[in-house]
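> sequence unavailable; structure follows:
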């Protein structure tokens, strides 16, 4: 009961945080998510740990996650993550000896699916901001086949989920989350050998992910295609339109970026958030992978901004009255909301802030 209450509180807090952090969160195919039964979400992975946040807050199922084991090194963080239904998955880079721990995790996944709950996996195996669907690992198929082997009566629906960002690691974020059609796995594994079933499932998931997210084939033309799309100032969240252009090979002419007339407002917000801004500037220097910029920025400011604004509101209220303090807090939140929601999609962004 405590874990469910904690999960609900954190989930609602994150959802509110994402609302203030994102220019727009577009969701399609939500009706494809089964309301009951075992579901495995197979999600592409372009942008670090914010990817599962956008998925879990846009469907009504309570999701269990598999995330890389490195996130569980700190004992306190480990307890927090486990309370939120996150589980570690070990990779070869974590050490050959550690891979044996995955069997225990797989057993937990089997139990989750047997209880007809949901599991979220990133079958590409790692994050990468490249706009391409990479080769899927066999990890998610092993979980499906293992659960079906232990529980022959079980039906597991695999739902591919495509995430596409207008500009990953930029602020404010515009993102589209697209839920694909469920793939019934029991019939596949009953009618084919295990090896063939795995290939059929991987192929089916890959095919949907290439339609659900922007997919530029990762070949010698990748950079040229991406540059032409960027030059044309396309909105990458219009996934179907972008994929049709990529397939046709016919690209529109170059366009100028829109001017962001809200830059003065951005500097006003920076001034009003000076301490969180300075802390973020220090933290940014320590981030080695661009895919983790959104993760750290969102997490840092989800904790810092409310506390900092609340403290400033309390100080103002102590000098000028509670009503003035509440007014300051409301205006501060409103200014951020205006900047986030009204900044042009293709305007030059300022990733050093928030």
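Thanks, I have it. Keep in mind it's a predicted model, so treat the numbers as computed, not measured.

> give me the below-cutoff pLDDT ranges for the stretch 51-200 of the chain.
Within the stretch 51-200 of the chain, the set of residues satisfying pLDDT under 70 comprises 68-84, 91-100.

> against residue 132, how distant is the residue lying closest to residue 251 once chain neighbours are set aside?
Excluding its sequence neighbours, the residue lying closest to residue 251 (CB to CB, 6 or more residues apart in numbering) is residue 228, at 4.2 Å. Every C-beta, even on glycine, is put in place using the N, C-alpha and C of the backbone. Per CB to CB, to the nearest Å, residue 228 is found 15 Å from residue 132.

> how about residue 85?
Residue 85 sits 29 Å away from residue 132, going by CB to CB.

> what of residue 285?
Distance of residue 285 to residue 132, computed by CB to CB: 29 Å.

> compare those two (neighbour count), which wins?
Taking neighbours as other CB atoms under 10 Å, residue 285 and residue 132 compare with residue 132 leading, 18 against 6.

> which residues touch the more buried one?
When contacts are counted by CB atoms under 8 Å, 6 or more residues apart in numbering, residue 132 touches 215-218, 222.

> again, but for residue 310
Residue 310 makes contact with residue 329, according to CB under 8 Å, 6+ apart.

> do you know how far it is from residue 317?
Distance, residue 310 to residue 317, using CB to CB: 10 Å.

> ok, residue 15 next?
Separation of residue 15 from residue 317 (CB to CB) stands at 28 Å.

> so the residue nearest to residue 251 sits right up against residue 250, yeah?
No. With contact defined as CB atoms under 8 Å, residue 228 does not reach residue 250; the gap is 9.9 Å.

> who's more crowded, those two?
Set side by side, residue 228 and residue 250 show more neighbours around residue 228, with 19 against 9, by other CB under 10 Å.

> that's a helix at the more buried one, yeah?
Yes. Counting by DSSP: H, G, I helix; E, B strand; the rest coil, one finds residue 228 located in a helix.

> how many residues are close by residue 184?
10.

> the one 5 residues further on too?
Other residues near residue 189 come to 21 when the count uses other CB under 10 Å.

> same deal with the one 10 residues further on?
Using other CB under 10 Å, residue 199 has 14 neighbouring residues.

> closest to the centroid, which residue in this protein?
residue 51 (0.9 Å; CA atoms, centre = their mean).

> where do the helices sit along the chain?
2-21, 50-56, 75-83, 102-114, 139-150, 186-191, 194-212, 222-231, 239-248, 263-272, 274-284, 293-320, 322-342 (DSSP state H).

> stretch 12-22: which residues count as buried?
For stretch 12-22, the neighbour count (16 or more other CB atoms under 10 Å) marks 14, 17-18, 20-22 as buried.

> cool, and stretch 110-125?
For stretch 110-125, a neighbour-count test (16+ other CB under 10 Å) marks 110, 112-113, 117-125 as buried.

> remind me, longest strand of the chain?
Taking DSSP state E as the assignment, the strand of the chain that covers the most residues is strand 156-165.

> partner strands of that one, with direction?
Sheet pairing here is set by DSSP bridges, and for strand 156-165 it gives strand 38-43 (parallel), strand 173-179 (antiparallel), strand 183-184 (antiparallel).

> just the ones you listed: most buried one?
Per residue and on average, the most neighbours among the strands paired with strand 156-165 fall to strand 38-43, with a mean of 25 (mean count of other CB atoms under 10 Å).

> so where's the stretch 251-354 of the chain uncertain?
For the stretch 251-354 of the chain, residues meeting the criterion pLDDT under 70 lie at 346-354.

> one more time with 80, if that's ok
Along the stretch 251-354 of the chain, the model assigns pLDDT under 80 to residues 345-354.

> from residue 41, how far off is residue 34?
Per CB to CB, residue 34 is found 11 Å from residue 41.

> are there residues contacting both of these two? Which ones?
Shared contacts of residue 34 and residue 41, defined by CB under 8 Å, 6+ apart, are found at residue 159.

> hmm, back to that, quick one: the longest strand of the chain to helix 194-212, angle?
Strand 156-165 and helix 194-212 are oriented at 30 degrees to each other (axes from the mean of the first three to the mean of the last three CA atoms, to 10 degrees).

> I'd assumed residue 141 was in contact with residue 198.
Yes. In this structure, residue 198 is within contact of residue 141 by CB under 8 Å, at 4.4 Å.

> the more surrounded of those two?
Ranked by neighbour count (other CB under 10 Å), residue 198 and residue 141 place residue 141 first, with 26 against 19.

> shouldn't the more buried one be in contact with residue 195?
No. Taking contacts as CB under 8 Å, residue 141 lies outside contact range of residue 195: 10.1 Å.

> redo the buried residues of stretch 12-22 as a markdown table? Include pLDDT and distance to residue 172.
Formatted as a markdown table, those follow (pLDDT from 0 to 100; distance: CB to CB, whole Å):
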| residue | pLDDT | distance to residue 172 |
| --- | --- | --- |
| 14 | 89 | 16 |
| 17 | 93 | 12 |
| 18 | 94 | 11 |
| 20 | 93 | 9 |
| 21 | 94 | 7 |
| 22 | 95 | 6 |
